[in-house]
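Peer 1: Take this sequence and fold it.
(3 chains)
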Amino acid sequence: MNNLNLKQAKEALKNKKISSYELTKLCLETIEKTDKKLNAFVTVTNELALKSAKNADNSIKNGVELPLLGIPIAIKDNFSAKNVRTTASSKVLDDYISPFDSTVVKKLKDAGAVILGKTNMDAWAHGSSTETSDYGPTRNPWNTNYLPGGSSGGSAASVAANQCIAAIGSETAGSIRQPASWCGVVGLKPTYGRVSRYGVVAMGSSLDSPGPITKTVEDSAQILNVLAGVDEMDATTSPLPVRNYTHELNKSIQGLKIGISDEYFIKGIDKEVEEKVKQAIKKLELLGAKIEKIKLFDPKYAIDVYTIIQRSEVSSNLARYDGIRFGNDRSSFAEEAKRRIMFGTYALSSGYYDQYYNKAQQVRTLIIEDFNKAFKKVDVIIAPTSPSLALPVGATKGESMFGELADVLVEPSSIAGLAGINIPVGFAKNDLPVGMQIIGPQFSESLVLNVANQYEINTQDEKWRNLTPSL
Amino acid sequence: MEEFNTKLMKYSPVIGLEVHVELKTNSKMFCSCSADYFGQKPNTHTCPVCLGLPGALPFPNKKAIEWCIMIGMSLNCEIPLFSKFDRKNYFYPDLSKGYQISQYDKPFCINGHITLSSGKKIGVTRVHMEEDTGKLIHENINGKGVSLIDFNRSGVPLVEIVTEPDFETAEDVKEYLQKLQQIVRYLQVSNADMEKGNMRLEPNISLKKPGEKGLPKYKVEVKNINSFSFVGKAIEFELKRQAEILDKGKLPVQETRGFVEKSSSTVSQRVKEEASDYRYFPEPDIPPIRWTKEKINELKKQIPELPNEKAKRLSEEFKIRLTDAIIATDDISLANSFEETLKLGQKHNLDSQKLANFIINRKINLLEELPAKIVENFIKANVNTDLSDNELNKIIEQVIKDNTKAVEDYKKGKETVIMFLVGQVMRQFKQKIDANKVKASLLAKLK
Amino acid sequence: MKINVPHVAKLANLTLSDQELKKFESQLQETVDYVEELNEVDTKGVESTSQVTGLENVLREDIAKPSLSQEEALSNAKDTYNGFFKVDAILEDE
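Peer 2: Down below sits the predicted model:
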């Protein structure tokens, strides 16, 4: 039953086919069974989860209706949850118990969700592999010799392995979409400012976007319904009204204009990735979409812009970790964090600001303008999420810019703060999943979800859909 | 001292000032914790934001920003229509986030001035908004030196007012500070109490050699000054110290020095091994601020009449001496009661100047006594106040001359005679006058 | 130009071993060289973007709300004393 997606689980709970307690227990047992191999969780909150499942069952009995009532959900470990250990997978926060809830966690609780625990990630979200976690790498459920991607690797692996019904991740540039791609699940990166960052351990403050990682597109829409909205604790959240993101899922994409850019099928891209993504685009064309070639700003510059902005913000955001008020002192930072802090500090230091930080912010303007121009011609842009399939464990060793290089295809849209989603489009010959991203303008979540859902429901019969990881 | 003065003659002092004023908003600058931290138990006014816990985000206080603008306007500043916050990065245990949210290249207010009584204008370079740090207390516990940190003050709104290096004397600095304090209190945006640390100042001081063009090649910043009277002492000490160094043909070191109360001197504060590098960059967590002309005008309207204008108006309206009006407008609440009292006096056809004298000379507590009561007392005592010491003394002298017998008796020890003499004096006046006052004056004369 | 790694480490408040200093020196240089690529992009007269939301004037009313209790505030600290956070004596300016 833990194989259920969110929609199915809700129905099963409603029809009393299963109780939240049973469903939660099943998830916890699966975690118990599989997590020695996967290492998707940093902290499992068994008792808390069972207790809130019981409460949920009571509420269900009393006829309470809440969007996520009784649904077991896994949370990335950079989301503060009151009275729960919150480490961001760094030993600096090894014993830190947050005295407050992040807005996302608060909204999930208010919606009735049962929180299973905190998932593994690249320490401080610095990476695209979950290999830089101070608690050891998470393994890809499809092949445990491979990495799940990152930084939300624990959440993506957990969803793929049916340890939970759905999970929450966060993306600075790629950290939702890329692990979702490598693990064969759906990952939605909302527009920057659509979901509150309050209580999320800050990485790149002008980029961080929390979002769902789920088994289906509709599940992502349902969770976004809960998470989206202005927050009086985050001044960068948008006051634009929240749509009902499930409403437009089934709209026809007849006449929809999809932009394809050669710049995103970069040199060195995995041939099978290219092939599967192009097939998926064909499928959308068959569904009535119009494919248009567009020219986009070369994403290679986004690597530079992202590296500079993100590491500069990281150097400042990690300054609060001095071991005085909480956590361990600065000697507990592992190598990747130190490397990023060092570069960011250097880039902001006297005499270099214009050369690095300001230059990057100027190119950021050009990237935004480039997307604006593109979205005058097309409705969405489609591209591979990652230029490669999941890489083997150990791939990051000795790579001082692994994270930034692996995310080349998701960085431009993150820098511009756009909405994007990864959906699985099949498997490569080595049985590793392939993901495709759909990018839309700011606050186009409804559209992006609509296109993703149209692909998903129209490929339900494809054989690869029946594959499940064997653990 | 004379030697010092002649030495100083050679050089001209160049002094600038940075003043921090803590605002008395209800809540802190970037979170909803109460900003009223003084005297509270340590670490009881904190939250994830001002403690700098992982994931917490700042949310700016509208009132604090408006008050900052109003301070700037009162200092004749321009208010640029676009402004933003920046992060100032440095490490110190009392700085919870490892950076202070401040303003770098787009402060709220620029290019203002304060005019001193001499007519000299002191340029105000900028007025910007930032947040306070926590408080460090140094203690010895079981023989070990430790520092204790209280974050109640962390995040309390601070307005920083920076002047041009326009001051040449400690007196001008003092007058500027008094004026600034008065303005801030008139605006009712801060208690500006130096002892409580609501107002903190850091002068930067240097000396210019005769004929030297531009600013001196060094400047010395002085910290730890927590009363107006110490500013003068600190500046005079510094000027003398620097003059002596320059006399030897050397250049004073550019550094930060601390004022030491006991010795009225300044001492070098450890020169840091590395120059500070604050790595300012735009605060990504706070959207920028853009004003409209309408909004600026609206804020301007909220500025109450300031002490200079008020004194001038009271002097003109009530025909009282400007010097008296200035004394009476020193403090805003006193000034308001003063004005009310004079208004009431006018209704009773009283002489405003005399009523003003009555209030000022008798040091009437305008905060406690109601205007009506003051006017009543004035009418009652009016005669007394009319009685100048000069007039009284003249009559006393006359009475002493006319009653030599009684005076002699008194001097021989017949003390009761004094009341006879008092009666003689009082008889010279048509109105009732204060017998006690007459007696006291008589006794003084007979001594 | 050579990067002064010990100076950067000091600004960043990081204590690095000799080995780390050496490693970061080459890695920092590597990253600096990499991002030099941006110089290919002409940014003359281009405004810089530090926020993508376009939001302005997002301010809060001046209303005080309850704080954490002292116990909660201190709950994660390694060292406290009488309601204060405690650290080794900070070299006082003499």
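Peer 1: going forward, measure contacts and count neighbours with C-alpha atoms only.
Peer 2: Noted.
Peer 1: in chain A, which spans are helices?
Peer 2: A:6-14, A:20-38, A:46-61, A:103-110, A:153-160, A:177-183, A:217-227, A:271-286, A:300-317, A:335-348, A:359-377, A:402-406, A:411-415, A:445-457 (DSSP state H).
Peer 1: tell me, which of those is the model least confident about?
Peer 2: Of all the helices of chain A, the minimum mean pLDDT falls on helix A:402-406 (a mean of 86).
Peer 1: next one: that one to chain centre, how far?
Peer 2: Distance of helix A:402-406 from its chain centroid, counting by Cα atoms, centre = their mean, to the nearest Å, is 16 Å.
Peer 1: residues touching the residue of chain C found nearest chain A, list them.
Peer 2: Using Cα to the nearest Cα, the single residue of chain C nearest to chain A is residue C:48, 4.0 Å away. Contact partners of residue C:48, counting by Cα atoms under 8 Å, 6 or more residues apart in numbering or on different chains, are A:358-365.
Peer 1: can you do 6 Å?
Peer 2: The neighbours of residue C:48, taking Cα atoms under 6 Å, 6 or more residues apart in numbering or on different chains as the test, are A:361-362.
Peer 1: What distance do you get for it to residue A:191?
Peer 2: Separation of residue C:48 from residue A:191 (Cα to Cα, to the nearest Å): 20 Å.
Peer 1: For residue A:94, give me its contacts.
Peer 2: Applying Cα under 6 Å, 6+ apart to residue A:94 gives the contacts residue A:87.
Peer 1: Distance of it relative to chain B?
Peer 2: 13 Å (Cα to the nearest Cα, to the nearest Å).
Peer 1: Need phi/psi at that residue.
Peer 2: phi -50, psi -40 (degrees, to the nearest 10).
Peer 1: okay if I get the helices of chain A as TSV plus mean neighbour count and distance to chain C?
Peer 2: As requested, the helices of chain A are exported to TSV (neighbours: other Cα atoms under 10 Å in any protein chain shown; distance: least, Cα to the nearest Cα, whole Å):
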stretch	mean neighbour count	distance to chain C
helix A:6-14	18	31
helix A:20-38	20	28
helix A:46-61	18	20
helix A:103-110	20	17
helix A:153-160	36	25
helix A:177-183	35	20
helix A:217-227	23	18
helix A:271-286	18	26
helix A:300-317	26	5
helix A:335-348	24	6
helix A:359-377	20	4
helix A:402-406	21	11
helix A:411-415	27	8
helix A:445-457	23	15
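Peer 1: Distance to chain B for those helices - can I get that in TSV?
Peer 2: Formatted as TSV, those follow (distance: least, Cα to the nearest Cα, whole Å):
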stretch	distance to chain B
helix A:6-14	28
helix A:20-38	27
helix A:46-61	22
helix A:103-110	10
helix A:153-160	19
helix A:177-183	22
helix A:217-227	17
helix A:271-286	35
helix A:300-317	7
helix A:335-348	5
helix A:359-377	11
helix A:402-406	20
helix A:411-415	13
helix A:445-457	23
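Peer 1: average pLDDT for the helix or strand harbouring residue B:300?
Peer 2: Using DSSP states H and E, residue B:300 sits in helix B:293-302. Here helix B:293-302 scores 96 as its mean pLDDT.
Peer 1: Check stretch B:391-409 too.
Peer 2: pLDDT averaged over stretch B:391-409 gives 87.
Peer 1: can you check stretch A:423-430 too?
Peer 2: For stretch A:423-430, the mean per-residue pLDDT is 98.
Peer 1: That stretch: which residues count as buried?
Peer 2: For stretch A:423-430, burial by neighbour count (16 or more other Cα atoms under 10 Å in any protein chain shown) applies to A:423-428.
Peer 1: now stretch C:39-54
Peer 2: Residues of stretch C:39-54 classed as buried by neighbour count (16+ other Cα under 10 Å): C:43, C:48-53.
Peer 1: Apart from its neighbours in sequence, what residue is nearest the residue in chain C that chain B sits nearest to?
Peer 2: Nearest residue of chain C to chain B (Cα to the nearest Cα) works out as residue C:89 at 3.9 Å. Using Cα to Cα, 6 or more residues apart in numbering or on different chains and skipping the chain neighbours, the partner closest in space to residue C:89 is residue B:146 (3.9 Å).
Peer 1: helix/strand/coil for the one you found?
Peer 2: strand (DSSP: H, G, I helix; E, B strand; the rest coil).
Peer 1: That one is in contact with residue C:84, isn't it?
Peer 2: No - Residue B:146 is not in contact with residue C:84 according to Cα atoms under 6 Å; the separation is 11.1 Å.
Peer 1: higher neighbour count, these two?
Peer 2: Taking neighbours as other Cα atoms under 10 Å in any protein chain shown, residue B:146 and residue C:84 compare with residue C:84 leading, 24 against 20.
Peer 1: Could I get the contacting residues of that one?
Peer 2: By Cα under 6 Å, 6+ apart, the contact set of residue C:84 is B:148-150.
Peer 1: Over to residue B:44?
Peer 2: Residue B:44 touches C:69-70, counting by Cα under 6 Å, 6+ apart.
Peer 1: Please report phi then psi for it.
Peer 2: Per degrees, to the nearest 10, the backbone of residue B:44 is at phi -110, psi -10.
Peer 1: what separates it from residue B:148, distance-wise?
Peer 2: 15 Å.
Peer 1: do the same with residue B:33
Peer 2: Using Cα to Cα, residue B:33 is found at 21 Å from residue B:148.
Peer 1: and what of residue B:211?
Peer 2: Counting by Cα to Cα, the gap from residue B:211 to residue B:148 is 50 Å.
Peer 1: More neighbours: those two, which one.
Peer 2: Using other Cα under 10 Å, the more surrounded residue of residue B:211 and residue B:148 is residue B:148, with 25 against 8.
Peer 1: Spatially nearest residue to the more buried one (excluding sequence neighbours)?
Peer 2: residue C:86 (4.6 Å).
Peer 1: Could you give me the buried positions within the helix or strand harbouring that neighbour?
Peer 2: If you go by DSSP H and E, residue C:86 is part of strand C:84-88. Under the neighbour-count criterion of 16+ other Cα under 10 Å, strand C:84-88 has C:84-87 buried.
Peer 1: of those, closest to residue A:95?
Peer 2: Of all these, residue A:95 sits closest to residue C:85, with 17.0 Å by Cα to Cα.
Peer 1: Quick check: that closest one touching residue B:149?
Peer 2: Yes - if you go by Cα under 6 Å, residue C:85 and residue B:149 touch, sitting 5.0 Å apart.
Peer 1: Let me know whether stretch C:7-21 sits next to chain B.
Peer 2: No - using Cα under 6 Å from any Cα of the partner chain, stretch C:7-21 never reaches chain B; the gap is at least 7.2 Å.
Peer 1: Just the mean pLDDT for that stretch, thanks.
Peer 2: Confidence for stretch C:7-21, expressed as mean pLDDT, is 96.
Peer 1: cool, and stretch B:265-275?
Peer 2: Here the average pLDDT along stretch B:265-275 is 69.
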